[in-house]
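Sequence first, predicted model second:
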Amino acid sequence: MRISESGELPDQSDMELMSAYLPLQQGDLLELGCGTAQTTRDLANRFPGSRWIATEVDQVQHEKNLASNGLANLIFQSGGMQQIDLPNASIDAVIMLKSLHHVSVDQMDSGFQELHRVLRQGGLVYISEPVYAGDFNQILRLFNDEKQVREQAFAAIQRAIESGLFELDREVHFQSLSRYEGFADFEQRVLGVTHSNYDLNDSLLASVKSAFSPHVDVYGIAEFHNPMRVDILRKI
């Protein structure tokens, strides 16, 4: 396993990889740390035969998700990987999209035990984590340096394998595209999330805007190619 890969990476997306490697047609699936649940909604719409549970620890966002749900094959629950309110061996696959490094370090190991508990034999865990590199990361680290927590998340994945709970099914390194319609869009989608309080003062906000501005094109759009790593684990 490698926390990152050097050199040119293929352009891919989590949607493409999940569609290729997860049982999305008919499975019982769980997303942990769903945020606005846009990806979960897209998957539930695309694969109407699947059944989804999406959890979020941020109560503000969870209430928004509950209020906006209109899909018969998607339900929302409050909570995270540390304590999953589901029966033993009831899930075919779990997805965590940029959420593992937000789990408290002292709860990651017990969280993987919970994943093992709720998964059926041979069930999969799809963990997508940002790599600490790239232009977008250089902006992010001005107000939220995640180097240490991302390393700790990777170490927790390794321990889950070494402990015998899971085996590594595959690891994929790629780059994803993120797109912002100017700095106001970035402020809303990144700085304005309710699960984190960045509380930037005027000086730091100006520094972030200054770092963001060179990436805005003549149409007011900023695009970033972000190095990513996916680890797919299989329950033993």
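Nice, I can see it.

quick one: the helices in this protein?
14-21, 38-46, 59-68, 105-118, 135-140, 147-162, 183-186, 202-212 (DSSP state H).

Those: which one's closest to Ile221?
helix 183-186 (9.2 Å; C-beta to C-beta). For the C-beta atoms, the positions are set from N, CA and C on the backbone; glycine is no exception.

same for the lowest-mean-pLDDT helix or strand in the chain, what does it pack against?
Lowest mean confidence among the helices and strands of the chain (mean pLDDT, DSSP states H and E): helix 59-68, at a mean of 91. With contacts taken as 3 or more C-beta pairs under 8 Å, 6 or more residues apart in numbering; DSSP states H and E, helix 59-68 sits against strand 51-56, strand 74-78.

can you tell me how far Asp106 sits from Tyr132?
Per C-beta to C-beta, to the nearest Å, Asp106 is found 21 Å from Tyr132.

Also Ser207?
19 Å.

So these two - more neighbours on which side?
Tyr132 (19 against 15; other C-beta atoms under 10 Å).

thought that one was touching Lys147?
Yes: with contact defined as C-beta atoms under 8 Å, Tyr132 counts as touching Lys147 (5.1 Å).

tell me, what residue is most central in the protein?
Taking C-alpha atoms, centre = their mean, the centroid of the chain lies closest to Leu97, which sits 1.6 Å from it.

Does that residue touch Ala37 like I think?
No: the criterion here is C-beta under 8 Å, and Leu97 misses it with Ala37 at 10.5 Å.

Which positions in stretch 45-64 come out as buried?
Neighbour counts over stretch 45-64 (16 or more other C-beta atoms under 10 Å) mark 47, 50-58, 61-62, 64 as buried.
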